[in-house]
Every structure is written in C-alpha cells, then in structure tokens.
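Trainee: after the sequence you'll find the predicted model.
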Amino acid sequence: MLLFLGWLGFNGGNEYQVSESVPRIFLSTVFGAAIGGLTACIASWWYYGKPSSTLIINGLLAGLVAITASCNIITLQSVFFISTIGALISMYLTSLLVKLEIDDVVGAVPVHLGPGLWGTMAVAIFAEPSLWDGELDRWSLFKSQCTGIISCGLYAFCMSYFLLRLINNYYPLRVSKNTELEGLNVAEFNFENSMIELAREIHKQEQENNFNNNLKVDMNSETGSIALAYNKVVSKLNRKISDLNILKEKLTKQAAVDSLTRLYNRRYFDDQFKKQYRLAYRLQQPISVIMIDIDYFKNYNDRYGHQMGDECLKRVAAVLSRSLSRPSDFAVRYGGEEFTIVLPNTDIGGVTVVAELIQAEVEERKIQHGGSRISEHLTLSLGVAWTIPIMSSNESKLLSCADEALYEAKNQGRNRVVYHFFKPLAEAISV
C-alpha cells in the first residue's frame, strides 16, 4: 500500500504543480496497476491452472513501471495495452530466470528492467499528439527513446561495475561460501528459527556420517512434523541397511563355503593360507599343512553312485571339522575328493596328533567301500608338511611339499600318513 501511494506521488509529482494533468496521471497510474495485476492473474490461471499471488503482485508492479514514462500523455485505451504487455513481459522474464537458474530475489529484472524498457519505448508508440507538445515525429521520438535506453544502460552498468570492482579490491562485497550456505540471516544477523536449527542438525549428521540418533521433535514448532517424518524415514533406511549388511555377510560366507561339505572352499583357502603363512613368518612360529585324499574314491562313486559318494564326502568332512579345536585352524575341500587342513602355530608333534586322529576317526566309522583294493572300509591317504617360515612368499612351496608327501603316501600303498619337513631357501625377505 505504501509503495502504491508513493507511486501516485512520484508520477503526479513530476508535474511540479497541481494542474489539469494530475487527475489523468493518477487515473492512468491506478488503472495501469489494476490492468497489470488482472493480466497476471488471468495469464497465470490459464498457464498454471490456478492464479499465482506472486505473479499477480509482480504484474501489478510491472503495470506501474510500464505506465510511468507515459502516464501524462496517453489515454486509458493506451494504458490498457501498455500495462497488459508489461505484465506479460514480467511473467515471461520470471519463468526465463527460473529456467536459466539465475537468482533474482527481489524480481528486479522481471518487474523493473523488462517492463521499464517496454514502457520507455511505448512513449513514442502510444503518446497522444494533443497531449504531447514536442516537435519530434513518432519515429524520431522512438529513436530518441532507444538512444536514451542504451546510453543510460551503458552508463549505469559501466559505472556500477567499475565502482563495485574498485570497492571489492579493498573490501570484499561477496560473503564466504560457508556464509552463503548458512544464510545471511544466520551469519550476519544471528537470526534463529526452528527450520534453521533442523537444517543444522541434519547437516551435523551428514558431517559425522552418523544417522543412528533421531532428531529432536517439537510438535509445537513448524518443523515438528518434518523432523518426525525424517526420523521415520532414516529409521526405516537404517533397518534396510542393517538387513543388507546381514545379507552381505551371509552371501560372503556362502561364497567362501563349499555347498556340499560345508567346509571352506578353494577361494577361501587361497586367501587365508597366504595370510596365515605370512603371520607365521612375522611371528616366527611353525605352520603345518595336511593334504588328504580318499583312497579309490572314483571306484566308490562307480560302485555306489554319486549320491552315496556325496554322502561319503560329507561324513569325511564332518570328521575333519571335529578334529580341529582352535579358531585359527581350518579345513578346506580342495577339489573333488581332496581336502586340506591348515594348522597355524603347530609343529610336527601337533600335526601328527591331528593326522592320526583323522585317520583313526574314519576307520572307526567303518564306511563300506567295496571298490577299495586295500580294505573293506573307507581309508584315507595323508600328506603332511610343516615349517617355520623364513620367506614370506613360500606358502605355495609348503603346499607343494604337502602334495609330494600325499603322492608318496599313495605310492607306498595308501591308507597311511607321510611327513615332510619343508626347509625354505635361506634368503629371507621382509613382509
């Protein structure tokens, strides 16, 4: 209201006296504002499906701006066209700035610049000759108005640019990036409200990467419902993440376990054996490997079928699992009917106990094996190798040593344990 009254005083005051033109100026000003607002109302309703209060206010102001330059020398019919076009220009520039993502907080470009340029040029188009006492024709007046627009624009831009650049060299005009993110109301005026506090809490959670604690909920504030909804979403998201982590752990375990025997698989062995060997090297502790083969297992499959063969593998795997008493020990289905056991911090005495226990446990079960050439029951051949590592890269050679011992056990008639001591090369390397 104050702005509108001020505009009436500005337009009417340009006469510098109370004359017969003042009522016409007041009427043109009021009518121009009304037409601008009405045009914006109808256009926004048609384009967006409902009237926009922001666009209506800007349209009203655009009508005032467009009519100001010619309010004393035009008729009401001309006021209608000038204000209508001014309001439409304002709406177009508003949508253009949004599309280009250019920030214009007070709407200076769509309200003042666009309608102002149009209103200045409209003087030459709509001015009534009877009210215009100049000597120029319309075309000359139009060129004069355009010259004024260009000269004033260049002067205002250049002077403002150089003055602001000069000031900026000594006193930076732009605030810091953190202040922009926080907002000038907070950074410069210490203005606080529930929305700012909520944003600060969410930002703190993001910085700490900790979303386990709920935000404070004050249902008496404007952010209470937002905080409550946020807590529900984050809580549900945390549960989903927890479920995914459990599923990931389950899948990781499944990927490391043989589906038939439930022992670890070759992939797990390749990773863990290397780690245990290097740990033994750093600690200078013994490490032992047992390679196990079921004697004449192909004949067992041929005689009893693959389903019985699978059951046989599972029974042997159960014996191997029960023979291990420490968390660091692990048994692996190495491939087919071959198994491998790794015993960290175990010397020849300890590995002998485990190997003989496995062989005795299998014999006690008296698993029928009509295809064996050495016994009525299932038997095992075991190759054992142990060492105290002096080289971090020799785990594969220790495994080869155990494999050679297993080969020797088979050549000696099977159903036995053969022991090898692996002595690495003397050149030690650091881990």
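Mentor: Done, it's in.

Trainee: which parts of the protein belong to which domain?
Mentor: What automatic domain parsing lists as the domains of the chain is 2-133, 183-252, 266-421.

Trainee: want to throw those into TSV with distance to residue 167 and mean neighbour count?
Mentor: Just so you know, the C-beta spots here come from the backbone N, C-alpha and C atoms, and that holds for glycine as well. Shown next, in TSV, are the domains of the chain (distance: least, Cβ to Cβ, whole Å; neighbours: other Cβ atoms under 10 Å):
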stretch	distance to residue 167	mean neighbour count
domain 2-133	20	18
domain 183-252	18	13
domain 266-421	65	18
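
Trainee: quick one: closest of those domains to residue 177.
Mentor: domain 183-252 (11.2 Å; Cβ to Cβ).

Trainee: in the stretch 1-150 of the chain, which spans are helices?
Mentor: Ranges of helices in the stretch 1-150 of the chain, per DSSP state H, counting those that start in this stretch, are 2-13, 21-48, 53-68, 76-100, 108, 114-126, 138-170.

Trainee: mind checking which of those is nearest residue 233?
Mentor: Among the helices of the stretch 1-150 of the chain, helix 76-100 sits nearest to residue 233 (Cβ to Cβ), with 28.3 Å.

Trainee: can you list the low-confidence ranges for the stretch 301-431 of the chain?
Mentor: 391-393, 424-431 (pLDDT under 70).

Trainee: all strands for it, in order.
Mentor: 330-335, 338-344, 380-387, 417-421 (DSSP state E, counting those that start in this stretch).

Trainee: and if you look at the stretch 151-300 of the chain?
Mentor: 287-294.

Trainee: where does pLDDT dip in it?
Mentor: 182, 191-193.

Trainee: so for residue 272, which of the helices of the stretch 1-150 of the chain sits nearest?
Mentor: Nearest to residue 272, of the helices of the stretch 1-150 of the chain and by Cβ to Cβ, is helix 76-100 at 59.0 Å.

Trainee: now the closest one, how far from the centre of its chain.
Mentor: 41 Å (Cα atoms, centre = their mean, to the nearest Å).

Trainee: now do that helix against helix 53-68, angle only.
Mentor: In terms of direction (axes from the mean of the first three to the mean of the last three Cα atoms, to 10 degrees), helix 76-100 departs from helix 53-68 by 130 degrees.

Trainee: give me the contacts around helix 76-100.
Mentor: Helix 76-100 is touched from outside by 27-28, 31-33, 35-37, 39-40, 43-44, 47, 55, 58-59, 61-63, 65-67, 70-71, 74, 103-104, 107, 109-111, 113-115, 118-119, 122, 126, 128, with contacts defined as Cβ atoms under 8 Å, 6 or more residues apart in numbering.

Trainee: now do 7 Å
Mentor: 28, 31-32, 35-36, 39-40, 43, 55, 58-59, 62-63, 65-67, 70, 104, 107, 109-111, 114-115, 118-119, 122, 126 (Cβ atoms under 7 Å, 6 or more residues apart in numbering).

Trainee: ditto for stretch 397-405
Mentor: 277, 289, 290, 291, 383, 384, 385, 387, 418, 419, 420, 422.

Trainee: ok, the fourth one to residue 119 distance?
Mentor: Pointing back at residue 291 there. The span separating residue 291 from residue 119 equals 96 Å under the rule Cβ to Cβ, to the nearest Å.

Trainee: got it, and the last one?
Mentor: When Cβ to Cβ is applied, the distance between residue 422 and residue 119 equals 97 Å.

Trainee: ok, the third one next?
Mentor: The span separating residue 290 from residue 119 equals 97 Å under the rule Cβ to Cβ.

Trainee: cool, and the fifth one?
Mentor: Residue 383 is 100 Å from residue 119, where distance means Cβ to Cβ.

Trainee: residue 10 is in contact with residue 71, correct?
Mentor: No - applying Cβ atoms under 7 Å as the test, residue 71 and residue 10 come out as separate, 9.9 Å apart.

Trainee: touching both of these two, which residues are there?
Mentor: Contacts common to residue 71 and residue 10, judged by Cβ under 7 Å, 6+ apart, are absent.

Trainee: now distance to residue 166 too, for the strands of the stretch 301-431 of the chain, in CSV please.
Mentor: As requested, the strands of the stretch 301-431 of the chain are exported to CSV (distance: least, Cβ to Cβ, whole Å):
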stretch, distance to residue 166
strand 330-335, 75
strand 338-344, 75
strand 380-387, 80
strand 417-421, 86
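
Trainee: between the ones you listed, which one is closest to residue 211.
Mentor: It's strand 330-335; of the strands of the stretch 301-431 of the chain, that one is closest to residue 211 (Cβ to Cβ) at 36.7 Å.

Trainee: show residues contacting that closest one.
Mentor: 258, 261, 263-266, 268-269, 272, 317, 320-321, 324, 339-342.

Trainee: do the same with stretch 40-55
Mentor: Taking Cβ under 7 Å, 6+ apart as the rule, stretch 40-55 contacts 56, 58, 59, 87, 88, 91, 94.

Trainee: can you rerun that using 6 Å?
Mentor: Residues from elsewhere that reach stretch 40-55 (Cβ atoms under 6 Å, 6 or more residues apart in numbering): 56, 59, 87, 91.

Trainee: next one: stretch 316-333 to chain centre, how far?
Mentor: For stretch 316-333, the distance to the chain centre is 43 Å (Cα atoms, centre = their mean).

Trainee: for it, measure first residue to last.
Mentor: 10 Å (Cα to Cα, to the nearest Å).

Trainee: how close does residue 351 sit to residue 156?
Mentor: 92 Å.

Trainee: distance from the chain centre to stretch 270-288, please.
Mentor: That offset, for stretch 270-288, works out to 39 Å (Cα atoms, centre = their mean).

Trainee: and it, C-alpha only, in CSV?
Mentor: Written as CSV, here are the backbone C-alpha positions of stretch 270-288 (Å, rounded to 0.1, in the frame of the first residue of the first chain):
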residue,chain,number,x,y,z
ASP,A,270,43.9,-69.2,-1.3
ASP,A,271,43.3,-66.1,0.7
GLN,A,272,43.6,-67.4,4.3
PHE,A,273,46.6,-69.7,3.7
LYS,A,274,48.7,-66.8,2.4
LYS,A,275,47.7,-64.6,5.4
GLN,A,276,48.4,-67.4,8.0
TYR,A,277,51.8,-68.2,6.3
ARG,A,278,52.9,-64.5,6.5
LEU,A,279,51.7,-64.3,10.1
ALA,A,280,53.8,-67.3,10.9
TYR,A,281,56.7,-65.7,9.2
ARG,A,282,56.4,-62.4,11.2
LEU,A,283,55.9,-64.3,14.5
GLN,A,284,58.5,-67.0,13.6
GLN,A,285,56.0,-69.7,14.5
PRO,A,286,55.6,-73.1,12.9
ILE,A,287,52.8,-73.8,10.5
SER,A,288,51.6,-77.2,9.2
